[in-house]
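Asks: Just to be clear, the model below is a prediction. Sequence and coordinates:
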Amino acid sequence: MPVHNADVAALFEDVADLLAIQGENAFRIRAYRNAARTLNQLSRPVADLVAAGEDLSDLPDIGDDLAGKIATIVETGRLPLYDELAQDIPPSVADLLRIPGLGPKRVRRLRDALGVDSRAALKRAAETGKVQALDGFGETMEQNILDGLAQMSDDARWLLARVEPIVASLHDHVSAHDAVERVDAAGSYRRRKETVGDLDVLALADDGPAVTEHFAAYEDVAETLSQGDTRASVRLRSGLQVDLRVVPPKSYGAALLYFTGSKAHNVALRDRAVAAGLKLNEYGAFRDDTEKRVAGTTEDDIYDLFDLPYIVPELRENRGELDAAADGTLPDLVTRADLRGNLHTHTTYSDGLHSLEEMAAAAQTRGLEYLAITDHSPAVAVVQGLDADALRAQMDAIDRLNEDLDDLRVLKGIEVDILKDGSLDLPDAVLADLDLCLCALHTALDLDEETQTERVLRALDNPHVHVLAHPTGRRINERPPIEIDLDRVMEAAADRGCVLELNAQPERLDLSDVHCRRAKELGLPLVIGADAHSTDGLDVLRYGVDQARRGWLEADDVLNTKPWADIAPVFDR
Ligand code: DGT
Ligand code: CA
Ligand code: CA
């Protein structure tokens, strides 16, 4: 049974939630949350570490007890402590914590006083005014709960990064069948969309029934939704739905093109086919009059039929890629290999898991030429932030570290908080001595658009600021973007010689693909920032690159594809 890091992390988060609802002590709850964070940031599958007999308690925030629990989960797929807790508190109660404004204490109170044990029960209680009558709730809280419930959809989409390890295991399983020559995950996954609704998998094979049978027998399958001779749909234990099609060689390119989508790209391509007297579907391209097959083995052949060069999946959204292909003006998209540095990094000075030295070593391992250390300032109340003295101490430590480093330059930076009035959380005198300064919003995220936009513009007015980090503050499936006039912000940034970050964290990917493209149109360069909170956190840069590619960005549009010496002037406003 493949147990993925995210599964173990999710189980620990669930335990933390249940403990919190029970009123357990904060220290114990935090231990599970920290462990979940470690697991989510680990680049190697923890199941492999267990199999290799490695000592898990060497991992940050994992003690002997948690190491034992991880091994149990990997080996049995279950955690007895969770099962015990879940007997008292059903998942539908823990789920209430996801509603903005509801913490464990309130959830416990709702349950004890009103018997609320699910979203539906909460909705009924709020609609009948029972919630506002409770001590410590009130009318505003009740309305917020109703609003929160309305915003939460039951069919949240899957983060691309969460789906990746699931695809890897599934790919191994399907490929292992003798009849299968090739396996591709198509659909939104192949287009590298930030979230995936369901997974569309193609297997190249002549013997359909044997392969669909083998697919349905995958050990991670919870439920087979349908199974035929050439296709099957299953739901995995994680809840992800997977649709498999088994396709023979002569149709494989056509099927790959069709099931990669997007639907809008397919429709636009089919219109071109019709205009050319052709019929295009998932089986191939055919002459309209004679039904003769003219292409289908590869995607290349099909694009070639229309005199088009190959179009990479990231661009297939019918946002002008077909015209650009016809004109020979497709962008030469940025790649991960183009990135020379990372400009957003946390360390143990604030909320990072690893030390300055460890982060520098990890950057070297990954072939980066420069690494900006950008810990938090004090206003981020949830973590320990650096005040001016602490920042100066860190700057000295960076100077000392750089003396010992040959092929990596560590840059002195900060992720300074933008305060409610648009001023910054640290004095100009210390900001002036940094190599670069990111600014970011972490509080008062609910201001109206005009106020929020003015607030950010005021921050960018500060001549020591260079980068606006995670500009919209969204967390996919958790928190919507702030209300902000991003066009105005981008224009103002360009005017002032500032840039915006494309934050590469899989749950942020902030800016969106559309915003990336808008920045390019406005001539505003971006930086792709890992926002790394651990050594493995540097590996998320590639998700930022995926997003940038979906936004049509080329290496020239991304500052950290260039040597530090070339871009240093930008950070010297
Ligand atoms: P998702 O699953 O919501 O993240 O998005 P996709 O793009 O993976 O969409 P999905 O799974 O519904 O379908 C996979 C691909 O199949 C889609 O990208 C294009 C193709 N497709 C699906 N329905 C249609 C259709 O009605 N017409 C055409 N031309 N293509 C379709
Ligand atoms: Ca899909
Ligand atoms: Ca599908």
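Replies: Received, thanks. Ligands and ions are numbered 1, 2, ... in the order given.
Asks: Which strand or helix spans Pro463?
Replies: Secondary structure from DSSP states H and E places Pro463 outside every helix and strand.
Asks: Isn't it up against Asp572?
Replies: No - the pair Pro463 and Asp572 does not pass the contact test of CB atoms under 8 Å, sitting 10.3 Å apart. Any C-beta I mention is one placed from the backbone N, CA and C, and that applies to glycine too.
Asks: With neighbour numbers in mind, choose between these two.
Replies: Using other CB atoms under 10 Å, the more surrounded residue of Pro463 and Asp572 is Pro463, with 14 against 10.
Asks: For that one, give me phi and psi.
Replies: phi -70, psi -10 (degrees, to the nearest 10).
Asks: Going forward, the N-terminal residue is numbered 692.
Replies: All set: I'll call the first residue 692, so the last point we hit is now Pro1154.
Asks: For it, which non-adjacent residue is closest in space?
Replies: Arg1264 (5.2 Å; CB to CB, 6 or more residues apart in numbering).
Asks: What is the neighbour count of the one you found?
Replies: Neighbours of Arg1264 (other CB under 10 Å): 13.
Asks: how close does it sit to Asp898?
Replies: Distance of Arg1264 to Asp898, given as CB to CB, to the nearest Å: 64 Å.
Asks: Kindly report the same for Gly1228.
Replies: 43 Å.
Asks: Have a look at those two and say which one is more surrounded.
Replies: Using other CB under 10 Å, the more surrounded residue of Gly1228 and Asp898 is Gly1228, with 25 against 16.
Asks: OK, contacts around the more buried one?
Replies: 732, 1037, 1043-1044, 1221-1222 (CB atoms under 8 Å, 6 or more residues apart in numbering).
Asks: Double-check Leu1059 against Asp1029; I have them as touching.
Replies: No - counting by CB under 8 Å, Leu1059 does not reach Asp1029; the two are 12.0 Å apart.
Asks: what's near enough to touch the residue nearest to Pro1154?
Replies: 1154-1157, 1187-1189.
Asks: what is the rounded mean pLDDT of stretch 759-766?
Replies: The predicted model assigns stretch 759-766 a mean pLDDT of 94.
Asks: same question, stretch 807-819
Replies: The pLDDT scores in stretch 807-819 average 90.
Asks: Would you mind listing the outside residues contacting the helix or strand hosting Gly1235?
Replies: In this assignment (DSSP H and E), Gly1235 forms part of helix 1232-1241. Helix 1232-1241 has contacts (CB under 8 Å, 6+ apart) with 851-852, 882-885, 1003, 1005-1006, 1008, 1024-1027, 1029-1030, 1033, 1193-1197, 1200, 1202-1204, 1207, 1217, 1219-1221, 1248-1249.
Asks: how about low-confidence regions in the stretch 842-991 of the chain?
Replies: 843-846 (pLDDT under 70).
Asks: By proximity to ligand 2, which residue of it wins?
Replies: For the stretch 842-991 of the chain and ligand 2, the shortest gap (CB to the ion) falls at Gly878, measuring 3.3 Å.
Asks: Also the stretch 1092-1241 of the chain?
Replies: Of all residues in the stretch 1092-1241 of the chain, Arg1241 sits closest to ligand 2, at 15.6 Å by CB to the ion.
Asks: Now do that residue against Arg1208, distance only.
Replies: Distance from Arg1241 to Arg1208, by CB to CB: 8 Å.
Asks: Which of those two has more residues huddled nearby?
Replies: Arg1241 (26 against 20).
Asks: Kindly provide the distance from that one to ligand 3.
Replies: Computed as CB to the ion, to the nearest Å, the Arg1241 to ligand 3 distance reads 19 Å.
Asks: Next one: that residue, what pLDDT does it get?
Replies: For Arg1241, the predicted pLDDT is 98.
Asks: Neighbours of the residue nearest to Ser1046 when sequence neighbours are not counted, how many?
Replies: The shortest distance from Ser1046 to any non-neighbouring residue, by CB to CB, 6+ apart, is to Thr1039 (5.2 Å). Thr1039 has 16 neighbours, counted by other CB under 10 Å.
Asks: And Thr1039, which helix or strand is it part of?
Replies: With DSSP H and E as the test, Thr1039 turns up in no helix or strand.
Asks: From ligand 1, how far off is it?
Replies: Thr1039 sits at a distance of 38 Å from ligand 1 (criterion: CB to the nearest ligand atom, to the nearest Å).
Asks: Could you count how many residues lie near Glu1141?
Replies: Neighbours of Glu1141 using other CB under 10 Å come to 12.
Asks: nope, Ala959 is what I was after
Replies: 17.
Asks: Asp1247 too?
Replies: The burial count for Asp1247: 14, using other CB under 10 Å.
Asks: For the stretch 692-841 of the chain, which residues score under the pLDDT cut-off?
Replies: By pLDDT under 70, the low-scoring segments of the stretch 692-841 of the chain are 692.
Asks: The same query, at a cut-off of 80, please.
Replies: For the stretch 692-841 of the chain, applying pLDDT under 80 flags the ranges 692-693, 782, 791-792, 841.
Asks: distance of the closest residue to ligand 1 within it from Ile720?
Replies: Nearest residue of the stretch 692-841 of the chain to ligand 1 (CB to the nearest ligand atom) works out as Ala697 at 18.1 Å. Separation of Ala697 from Ile720 (CB to CB): 20 Å.
Asks: same check, this time on Leu1217
Replies: Here the criterion is CB to CB. By it, Leu1217 lies 37 Å from Ile720.
Asks: neighbour-wise, which of the two wins?
Replies: Ranked by neighbour count (other CB under 10 Å), Leu1217 and Ile720 place Leu1217 first, with 26 against 19.
Asks: Which residue, other than its chain neighbours, is closest to that one?
Replies: Closest to Leu1217 by CB to CB, 6+ apart is Leu1193, at 4.9 Å.
Asks: how about the spatially most central residue of the chain, what does it touch?
Replies: Nearest to the mean C-alpha position of the chain, by CA atoms, centre = their mean, lies Pro1197 at 1.3 Å. By CB under 8 Å, 6+ apart, the contact list for Pro1197 reads 850-853, 885, 1167, 1231, 1234.
Asks: If we only consider those residues, which is nearest to Val1107?
Replies: Val1231 (22.0 Å; CB to CB).
Asks: For the closest one, the count of nearby residues, please.
Replies: 26.
Asks: Next, work out how far apart it and Val1261 are.
Replies: Distance, Val1231 to Val1261, by CB to CB: 23 Å.
Asks: what's the answer for His1035, then?
Replies: 15 Å.
Asks: before we move on, back to that, let's verify the residue of the stretch 692-841 of the chain closest to ligand 1: helix, strand, or coil?
Replies: Three-state call for Ala697 (DSSP: H, G, I helix; E, B strand; the rest coil): helix.
Asks: can you pull the contacts of it?
Replies: For Ala697, the contact set (CB under 8 Å, 6+ apart) comprises 730-731, 853, 856.
Asks: Can you name the residues of the stretch 742-891 of the chain sitting close to ligand 2?
Replies: 878, 889, 891 (CB under 5 Å from the ion).
Asks: again, 6 Å this time
Replies: 878-879, 888-889, 891 (CB under 6 Å from the ion).
Asks: Can you pull the poorly scored residue ranges out of the stretch 1092-1241 of the chain?
Replies: Judged by pLDDT under 80, the stretch 1092-1241 of the chain has no weakly predicted residues.
Asks: That one: strands as residue ranges?
Replies: 1100-1108, 1127-1131, 1158-1159, 1190-1194, 1217-1220 (DSSP state E, counting those that start in this stretch).
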